[in-house]
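Chemist: what's the 3D shape of this:
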Amino acid sequence: MLTAGGQRMDAFERRTITIDRDDQRVVLRGHLAQSRTVFILLGALAALSVVAAGVSALGPSPSDGWGLAVAGVVGALVGAAVLIWIQAVVTRKQLPLGSEMSLAITEGTFDIDGAAGADRIRWGQLSNLKRVGGGLYVTVAPSNARLGIPGRLIDDAAFARAIELVGRPAVAEDRADLLGEASATGVLSSSIVFSAVDQRVARAALLRASWKLFVVLGVLALIGVIVLMLGVAGILPGDVIGFSAAVMAIAVISSTVVVTAVSRTVKRSLTIGTAQTLTIAPDALELTGPGGATRFLWSRLFDLRRTQNVVTVRSMPAKTTLLFVGRLIGDELYAAIEQHIRMASATAQGAPES
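Modeler: Next comes the predicted model:
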């Protein structure tokens, strides 16, 4: 957007920063502050366990109640610690220390360039934009993921303009620019319209990728069952019954939460009837879908694989795994992607291209 004098307004200029530990900390604190409802529920669970133990202490078997209270408090503390750890890991992956991140605001898109690639997100896909502490946060549809970036990337003027643009439907010029840019520069391109089969394939792939977590939860559930049976049989003290029941409940609830979260993510990201286009550009792999357009530089991609109807590739430096429905990437496109990644790797290492 230009002023009368032909100068670009500050609110639309691209700003670039180098991620430091303060950026990671402020974004993490903001995410945790917005998750306070979960922590309140965990605290309520611990408090209810203590209250229940106090009531049971008046009965004939007070020790059983206190065992359950200890299990409830420990479970709440472990749950809170796990949530903080997971969010910390995600934040470090999204904002690798020492990497560069830039942000630009245009009339059509919210543009972010970071370690994993470049995202051009339509304003119509964004909602609930706000500052929390030193971070900036916005919800991105259709996945409803909460994106957090360092607040110093955007000044007050740009933030005010972004507030005005959030939720604005894309106009024809925006769509033409966003969807036409990849095909204009690309060597090969492929498009699909998502179906229920695609959702099932993606959901199964994501659940398989979480097998380590399910193994841990399964072991916890098995331990809980064994301890419960030994307690009921009188082999172990009755105090362990409440603890084992809590362990089983945590394992079952955690498994259910993971499966539900995966299912919801797939339904929002691969909405039936929406289209996705993958294009090979000279310098990047370009993905265009309902949420906007993303560019993944060839020099940052590695470990391309095709397994069980899906294609995965990892992105540096965060080592994020990108998953695509297998039918989006045919043999020709797969070979071309593989070649571009190999050539980029050879160039980065200073080796001759074969």
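
Chemist: What is the helix or strand hosting Arg92 packed up against?
Modeler: Element membership for Arg92, per DSSP states H and E: helix 62-94. For helix 62-94, the packing partners by 3 or more CB pairs under 8 Å, 6 or more residues apart in numbering; DSSP states H and E come out as helix 21-34, helix 36-56, helix 239-269. (Each C-beta comes from the backbone N, C-alpha and C, glycine too.)

Chemist: Helix or strand next in line after it, which one?
Modeler: Next element after helix 62-94 (DSSP H and E): strand 100-105.

Chemist: That following strand: how far from the chain's middle?
Modeler: Computed by CA atoms, centre = their mean, to the nearest Å, the chain-centroid distance of strand 100-105 equals 19 Å.

Chemist: Now do it against helix 21-34, angle only.
Modeler: Between the axes of strand 100-105 and helix 21-34, defined by axes from the mean of the first three to the mean of the last three CA atoms, to 10 degrees, the angle is 60 degrees.

Chemist: start at 748 instead
Modeler: OK, 748 is where the count begins now, so the last one is strand 847-852.

Chemist: Identify the residues contacting strand 847-852?
Modeler: Strand 847-852 is touched from outside by 758-766, 842, 857-862, 896-897, 900-901, 905, 908-909, 912, with contacts defined as CB atoms under 8 Å, 6 or more residues apart in numbering.

Chemist: Show me the shaky parts of the stretch 998-1101 of the chain.
Modeler: By pLDDT under 70, the weakly predicted segments of the stretch 998-1101 of the chain are 1037-1039, 1064-1066, 1097-1101.

Chemist: In it, what residue spans correspond to helices?
Modeler: 1078-1096 (DSSP state H, counting those that start in this stretch).

Chemist: beta partners for the residue most central in space within the chain?
Modeler: Centroid-nearest residue in the chain: Ala892, 6.4 Å away (criterion: CA atoms, centre = their mean). Taking DSSP bridges, one finds Val887 as the beta-bridge partners of Ala892.

Chemist: what residues does stretch 1070-1089 touch?
Modeler: Contacts of stretch 1070-1089 (CB under 8 Å, 6+ apart): 934-935, 937-939, 941, 945, 948-949, 952-953, 1017, 1023, 1025, 1027, 1032, 1045, 1048-1049, 1051, 1053, 1055-1060.

Chemist: tell me which helix or strand of this structure sits lowest on mean pLDDT?
Modeler: Lowest mean confidence among the helices and strands of the chain (mean pLDDT, DSSP states H and E): helix 919-932, at a mean of 46.

Chemist: The residue lying closest to Leu960 once chain neighbours are set aside and Ala794, how far apart?
Modeler: Take Leu960 and drop its neighbours on the chain: the residue closest to it by CB to CB, 6 or more residues apart in numbering is Val1005, 6.5 Å away. According to CB to CB, to the nearest Å, Val1005 stands 26 Å off from Ala794.

Chemist: what number of residues lie near Leu964?
Modeler: Neighbour count for Leu964, taken as other CB atoms under 10 Å: 19.

Chemist: My error: substitute Ala951 in the last question.
Modeler: 15.

Chemist: per-residue pLDDT, it?
Modeler: Ala951 carries a pLDDT value of 91.

Chemist: Now do the helices in the stretch 848-997 of the chain.
Modeler: Going by DSSP H, counting those that start in this stretch, the stretch 848-997 of the chain shows helices at 903-912, 919-932, 943-956, 958-979, 986-1016.

Chemist: Out of the helices and strands packed on helix 809-841, which gets the lowest mean score?
Modeler: Among the helices and strands packed on helix 809-841, helix 783-803 scores lowest, with a mean of 74.

Chemist: Mean neighbour count added to the helices and strands packed on helix 809-841, as TSV?
Modeler: Formatted as TSV, the helices and strands packed on helix 809-841 follow (neighbours: other CB atoms under 10 Å):
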stretch	mean neighbour count
helix 768-781	18
helix 783-803	15
helix 986-1016	17
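
Chemist: for the ones you listed, which one sits closest to Leu876?
Modeler: Closest approach to Leu876 among the helices and strands packed on helix 809-841 is made by helix 768-781 (12.7 Å; CB to CB).

Chemist: so who does Arg768 touch?
Modeler: Arg768 neighbours (CB under 8 Å, 6+ apart): Leu844.

Chemist: measure it to Leu977 for me?
Modeler: 48 Å.

Chemist: One more: Ile939?
Modeler: 53 Å.

Chemist: and Ala980, what is it in contact with?
Modeler: Contacts of Ala980 (CB under 8 Å, 6+ apart): none.

Chemist: so how far is Ile973 from it?
Modeler: Using CB to CB, Ala980 is found at 11 Å from Ile973.

Chemist: Over to Ala996?
Modeler: From Ala996 to Ile973 the distance is 15 Å (CB to CB).

Chemist: for Gln771, same thing?
Modeler: 41 Å.

Chemist: cool, Pro897 as well?
Modeler: To Ile973, Pro897 is 48 Å away according to CB to CB.

Chemist: who's more crowded, those two?
Modeler: Pro897 (22 against 12).

Chemist: Do I have it right that the more buried one meets Leu842?
Modeler: Yes. In this structure Pro897 lies within contact range of Leu842 using CB atoms under 8 Å: 7.4 Å.

Chemist: Which residues are in contact with each of these two?
Modeler: 766, 770, 774, 848.

Chemist: And these, which is closest to Ala823?
Modeler: Nearest to Ala823 among those, with distances taken as CB to CB, is Val774, at 25.0 Å.
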